[in-house]
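Student: Here's a sequence, model it:
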Amino acid sequence: MIDILISLLIAGIAGGIAKSLVGFDRGGCILSIVVGFIGALIGSWLAREMNLPDPFPFSIRGTEYKLIWTIVGAVIFTAVLGFIAPKKNK
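Tutor: Below is the predicted model of the structure:
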C-alpha cells in the first residue's frame, strides 16, 4: 500500500513539473498524476529504445524510480496533450 502511495506522489510531482514547463494549466492533481504515470511509460520506453542511461536513479523501499525520464516523458505527453486539447476561452 505504501509503495502505491509513493508512486502516486512521484507521478504527481513529475506531472506537475511537466505541466508547468509546458504551460498547460488545465486539470488539477488527478491530471498531474495521470500525466506523470503516462510520462513514466513514455520516458522509460524512450530511454530504453535509445540506450540512454539514467543520470539520477533513486530507490525507495527497494523500488527504483527514474525521475528524470519520467519528467521528460511527461513533458512530451503534456505538449502533445496541449496541441490536441481545445483552447480555453478567457
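Student: Go ahead and confirm Lys85 touches Arg26.
Tutor: Careful, residue 85 is Ala and not Lys. Yes - when contacts are counted by CB atoms under 8 Å, Ala85 is listed as touching Arg26 (6.9 Å). Just so you know, the C-beta spots here come from the backbone N, C-alpha and C atoms, and that holds for glycine as well.
Student: Quick check: which element contains Ser32?
Tutor: Ser32 belongs to helix 29-49 when elements are defined using DSSP states H and E.
Student: ok, and what's touching the helix or strand following that helix?
Tutor: Scanning forward in sequence from helix 29-49, with DSSP H and E defining helices and strands, the next element found is strand 58-60. With contact meaning CB atoms under 8 Å, 6 or more residues apart in numbering, strand 58-60 is reached by 6, 64-65, 67.
Student: Average pLDDT for the helix or strand that comes right after strand 58-60, rounded please.
Tutor: Per DSSP H and E, strand 58-60 leads on to strand 63-65 as the next helix or strand towards the C-terminus. Strand 63-65 comes out with an average pLDDT of 77.
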